[in-house]
Structures are given as structure tokens and as C-alpha cells.
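>>> here is a sequence together with a model predicted from it:
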Amino acid sequence: MSRVEKITDKLLSWASILEPKTREQAIRTAAMPFVQPHMALMPDAHLGKGATVGSVIPTEGAIMPAAVGVDIGCGMDAVLTQWTIDDLQAIDYGQDGSLRRLREEIERAIPLSAGKYNTELTATAIARLNRRDGLHDLAARAGFDPAVYAPNWERQLGSLGSGNHFIEISLDELDRVWIFLHSGSRGVGNKLAQHHIKVAQEQMRRRFIELEDPDLAYLIEGEPAFAAYIAELRWAQAFARENRAEMMDRVVLTLSEFMQEDVESQEHISCHHNYTQRERHFGRDLWVSRKGAIDAHEGVMGLIPGSMGTRSYVVRGRGNVASLSSAPHGAGREYSRAAARKAFTFEQLDAAMEGIEYRRTDAFIDEIPAAYKPIDVIMRDAEPLVEVVHELRQIVNVKGD
């Protein structure tokens, strides 16, 4: 079982693999005076903007927008279907191969890659925008117009993006078929986050507060800028959840048409891993920012994806008090994207993806499993934080360039 390391009085770590610069960054963040009582570093920790990706940051009276991250509300959704691998293999699409046909149909149903969005909205997307407590209603209550940040934000609903975002068809230990996807708040969330990071940095300048890292700039609770950020942050978190739900609806429809039978959802799990919310810990009401971490309160179900080509996990939280009831959000990078493209080849990626249906292109070299920490190590380190309920292996992988 992994042991927690007390790096400082204000920083605990569950990471057995921790690069020195990542450690230094985490120490710097944890030292901020409003971080109380301590920060928790997850097994997948790696360098991030301002604060370490894979950190849980409880704060009192202030929030650092960069410590939440720029892909606000990024997270995972998974649905367990009624089918097994035998049912999938019974579908015959001739020479094209059934899994290739399924991948291509998913790619047609959902806009992929950075800057891509819908040319027209589906009925389910329109409902998510316009129903009571829908995204228009929530934006009006938050007192802002999302179009200020991204004029086409409505058409981004139901789009995947790029980087480590994905849609997968996976099998569990019983060979049951799961739909598994990862995405966030797209361009509108990113631009919203960047705006509030700049507002926080401007406040530091006006107050003559010098920080070792400008991305540790913070907003003070009780002031208008803090209230505006929280309102818009909550909207972006709602957008991210609805974006994943819209994509899941489309994949469910695609898979239903492929199988010529409606999907029967046996289990549905959804979780953020870049977000902030109010929680009570150690007898105090705190703002808890999970930047690359999931909620792992006792009994809470969560999702931890591996890297492209490796296994993913459905987990149940153990409610580990010292970790602020949190767990890792994935494998965690060991190579930057630029470094990965220099270090690895397409032939190595293709070998790592053997047996998995994916779009064979060198655009994904920076997502090769070797660019990430081994997921087996991450899950071993996370054993005090979560219980593994299902282990998933992907058979179809869909990504954007």
C-alpha cells in the first residue's frame, strides 16, 4: 500500500513518482497563506499552469483561478450497456470490419479536434440550452453572456476537442461493453478561465502584491471579482457536464443504430476533475479546488482513465480524510507534448495500440502511453484513496487532432 509523504506541514503527497520541478511547484502553491489546512498531491501529479495538475487545494477566503485550471469542469462520463464483446463481434460489416465502422460512425456524430464545433444543433442540445435550469437560464442567473467569451459557444455543445480528450468503447473484466468519454468546457470555458486569471493578476498589481509565480494570483472572497468568477465558474462546470451528456447521447444513439437495438444503460457515472466547490473538511467550510483530481468521498463513484492504449478504472471513494476525500484523475504526464513528439515515433504508438481500433495518424504521438506515468503505479498509489470496482480495456478509441 502506498504511504503518504509529508513534504511540508502544508503539503501531503500520495505520488511515488514525483519529478523535482513538480514538487517545487506544489510546495510553492501550498505555501500560499489562504491554503488551509494543507494541500493534497495526487499520484498523477505533474507540472501545470500556476498550480500542479493532480492537486487538491483547500482555500479559505480566496481562490486562485489558475489553480482550478483553464478547462473548467473537465471530466469523465461512462455508461455500461447490456452487451458483451460477443454481441459486438456478431455484427458483420464485411471487409471494413465492424469496429472500424463503429469508430467512423462515432467520428461522424461528434465534432472532433480543437476549433471544431457543430454546424447545427440537435434536439437534445437545444433542450440543454433552453429548458428550465438549462444553460441559457443558468447564464442569465449568473449575470453574464457566454458569447462575450465565445460567440459560437452554443455550437460547441456536444464537441470533443483535442489533447487527451477521447471517446472509447471499452470492455470490463466480464467483457461487458462500456461507453467511456473525457472532455470539458471547450473554448468557452478556456476563455472564461483566462479572463479571470488576468483579473486576478491585475488585482495583484493594484495591491502591489508580488508573487513568485504570477499564475498564483488570487481573488478575495467578498469582493465583486470573486463573486463574478464563482458565478461564471459554476456555469462553465454545468456546460462541461452538459457537453459530456450531449456527446454521450450521440454515442448511445450511434451504438444503438450500429447494434440495431436501443442501448439499455445498466450504470451511468459522471465526474468532474477540474473544478471548485464548497465543502466541509476538518470542521471548516472551505473552497476545494481539484485540479486534476476527482471527488472520492466514501461511497462516491468515480472514473480514472489511463493513457491512450492503456486501462481505465471505475472506482468507489474511500473517504480518505487526509486527501480531502480525493483521488487521481488519470495517468499524469511524464513528457511534455513537445518532448513526446521528439522522443517517440508513430511506429511505437502503433505498436502500443495493437488490438485497438483507432485512427492511425502521427498526430497522436504526443498521447503515446510512454509519455505518461504507468497507470498501474498510479492505481497502486491510489489504493488508500479508492476501491477499484471495474477495470476497463479499450477496443475502440476516438480522438481529435
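Looks like it arrived, so ask away. Just so it is clear, the model here is predicted, and its values are computed rather than measured. Residues are numbered from 1 along each chain as shown.

>>> you'd agree Ala340 is up against Tyr372?
No - between Ala340 and Tyr372 there is no contact under CB atoms under 8 Å: 9.1 Å. C-betas here are computed from N, CA, C, even on glycine.

>>> those two: which is more packed in?
The neighbour comparison of Ala340 against Tyr372 (other CB atoms under 10 Å) goes to Tyr372, with 24 against 19.

>>> check what pLDDT the more buried one gets.
If you check Tyr372, the pLDDT there is 94.

>>> before we move on, what about Ser323?
On pLDDT, Ser323 comes in at 98.

>>> touching, it and Ala40? I think so.
Yes - in this structure Ser323 lies within contact range of Ala40 using CB under 8 Å: 4.6 Å.

>>> which residues are in contact with each of these two?
Residues touching both Ser323 and Ala40 (CB atoms under 8 Å, 6 or more residues apart in numbering): 12, 14, 56.

>>> ok, which stretches of the protein are helices?
In chain order, the chain shows helices spanning 20-30, 65-68, 85-89, 98-109, 123-130, 135-142, 153-156, 186-206, 224-259, 337-343, 346-352, 375-381, with DSSP state H as the criterion.

>>> do you know which of the ones you listed lies nearest Leu171?
Evaluated with CB to CB, those place helix 85-89 nearest to Leu171, the distance being 5.6 Å.

>>> buried ones in the closest one?
Of the residues in helix 85-89, Leu88 count as buried by neighbour count, 16 or more other CB atoms under 10 Å.

>>> same thing with stretch 361-379?
Neighbour counts using 16+ other CB under 10 Å place 363-369, 371-375, 377-379 of stretch 361-379 among the buried residues.

>>> okay, now Arg380: neighbour count?
Residue neighbour count, defined by other CB under 10 Å, stands at 13 for Arg380.

>>> ditto for Ile17
In terms of burial, Ile17 registers 16 neighbours under the definition other CB under 10 Å.

>>> name the nearest residue to it, sequence neighbours excluded.
If you skip the residues right next to it in sequence, Ile17 has Lys373 as its closest partner in space, 5.4 Å away by CB to CB, 6 or more residues apart in numbering.

>>> let me see the contact set for the one you found.
With contact taken as CB under 8 Å, 6+ apart, Lys373 is in contact with 17, 43-44, 46, 331-334.

>>> what is the least confident helix or strand in the protein?
The helix or strand with the lowest mean pLDDT-type score in the chain, counting by mean pLDDT, DSSP states H and E, is helix 85-89 (a mean of 89).
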